[in-house]
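Student: Provide a 3D model corresponding to the input given below.
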Amino acid sequence: MERTKCLIIGSGPAGFTAAIYASRANLAPLLYEGPQSGGQLITTTVVENFPGYPEGVSGYDMMEDMRNQALKFDTTIRTGMVTAVDFGSTPYTVTIDDSNKIIADTIIIATGVSAKYLGLPDETKYAGRGVSTCATCDGFFFRKKTVAVVGGGDTACEEAAFLSTLADKVYLIVRKNYLRASDIMQKRVLDNPKIEVLFGHNAVGLTGENRVEGVRLVKDLGLETEKHYERAIDGFFLAIGHKPNSDIFKPWIETDENGYIKTKAGTPVTNIPGVFAAGDVADPIYRQAVCAAGSGCKAAIEAERFLNR
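Tutor: Numbers count the residues shown, from 1 in each chain. Modelled structure (predicted):
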């Protein structure tokens with residue numbers, strides 16, 4: 001079995017930043033990328049809110065830059081899925097692809113989250129061409145335009161309110177006949193003249209030549225009053241939640257009710273000594289690339305301190 005001082009699981013901004021810092025601290029980290037190097041960010045067409053890129057940069061190019069910087073400092077990067085972990089005793093054991101076992105003195109979990117989708121084929125068809133799961137990331141590109149947000153909870157209301165500061169018109173598509181959001185968020189949305197809430201609606205498809213130009217809607221699905229129609233939009237934002245990629249760690253690592261890994265306030269420290277969590281998998285609030293990168297830095301520093309204690 002192979003042994004490493006520092007195993008990093010995940011290859012988004014948190015994972016690659018952790019690798020850069022761990023490498024420079026002579027920890028010779030081993031990083032497993034998982035099925036998609038760069039994580040969720042590689043699906044973002046243009047990133048304009050990450051420092052150091054005044055002209056903006058594609059998510060793919062930015063993650064390639066981070067990956068190459070990690071390689072420059074001799075991080076070992078491999079592709080593989082973690083299929084089992086044993087944090088019962090030190091050093092810890094992690095199984096890759098059901099076969100390869102890695103023994104690690106410290107582990108940094110940076111597996112991120114997966115956005116929840118409706119499951120429409122059009123979501124894939126128009127990915128990066130009008131379909132988004134992050135208003136903060138992509139809202140800027142829809143200034144003075146018309147957008148739709150899907151969801152009825154706090155996240156959806158927050159996204160709709162944020163987009164209303166940029167777009168001319170925001171449709172909030174709510175499957176039920178009421179909002180699940182907190183009272184203050186409901187009021188903020190319902191009192192906003194730029195937001196139109198479409199209660200009792202399901203989005204069933206998107207239209208457009210090369211990018212999103214419309215959304216196909218069904219009102220009162222399954223009822224006698226069922227009605228099918230289309231609204232013209234330029235952007236389609238999904239805000240029905242995220243699922244932290246933490247399931248495999250749950251027998252050992254404490255998570256909150258939504259699956260986000262719990263860490264000691266202000267640090268990446270988990271309930272297991274020597275196991276740290278960085279990035280979106282431990283961040284239910286901000287979920288921004290720059291925040292993830294910062295937490296990756298913290299995790300690497302904590303791993304070095306743990307090894308040198």
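Student: What does F140 show for phi and psi?
Tutor: Backbone torsions for F140, taken as degrees, to the nearest 10, come to phi -60, psi -30.
Student: Could you measure from it over to F276?
Tutor: Per Cβ to Cβ, to the nearest Å, F140 is found 33 Å from F276. Every C-beta, even on glycine, is put in place using the N, C-alpha and C of the backbone.
Student: When those two are compared, which one has more neighbours?
Tutor: F276 (31 against 13; other Cβ atoms under 10 Å).
Student: sec struct for that one, please.
Tutor: Three-state call for F276 (DSSP: H, G, I helix; E, B strand; the rest coil): strand.
Student: partner residues bridging it?
Tutor: I108, V269 (DSSP bridges).
Student: cool, and V218?
Tutor: N202, H228.
Student: my guess is it meets K227, correct?
Tutor: Yes: counting by Cβ atoms under 8 Å, K227 is a contact partner of V218 at 7.1 Å.
Student: So between those two, which is more surrounded?
Tutor: V218 (16 against 12).
Student: Quick check: the gap between the more buried one and N202.
Tutor: On the measure of Cβ to Cβ, V218 and N202 end up 5 Å apart.
Student: which stretch of helix or strand covers R231?
Tutor: Under the criterion of DSSP states H and E, R231 resides in strand 227-232.
Student: ugh, wrong one, I meant D105
Tutor: Using DSSP H and E, D105 falls in strand 100-109.
Student: Using CSV, list the CA coordinates for that strand.
Tutor: Output of strand 100-109 as CSV, limited to C-alpha atoms (Å, rounded to 0.1, in the frame of the first residue of the first chain):
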residue,chain,number,x,y,z
ASN,A,100,-6.0,0.9,-4.7
LYS,A,101,-5.5,1.6,-1.0
ILE,A,102,-3.7,4.8,0.2
ILE,A,103,-2.4,5.2,3.7
ALA,A,104,-2.5,8.9,4.7
ASP,A,105,-1.2,10.8,7.8
THR,A,106,-3.5,13.7,7.0
ILE,A,107,-6.4,14.1,4.7
ILE,A,108,-8.0,17.2,3.2
ILE,A,109,-11.6,16.7,2.0
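Student: Are there helices or strands packed against that strand, and which ones?
Tutor: Under the contact criterion of 3 or more Cβ pairs under 8 Å, 6 or more residues apart in numbering; DSSP states H and E, strand 100-109 touches strand 2-9, helix 13-24, strand 92-96, strand 275-277, helix 289-307.
Student: Out of the helices and strands in this structure, which is least certain?
Tutor: Using mean pLDDT, DSSP states H and E, helix 135-138 stands out as the lowest-scoring helix or strand of the chain, at a mean of 86.
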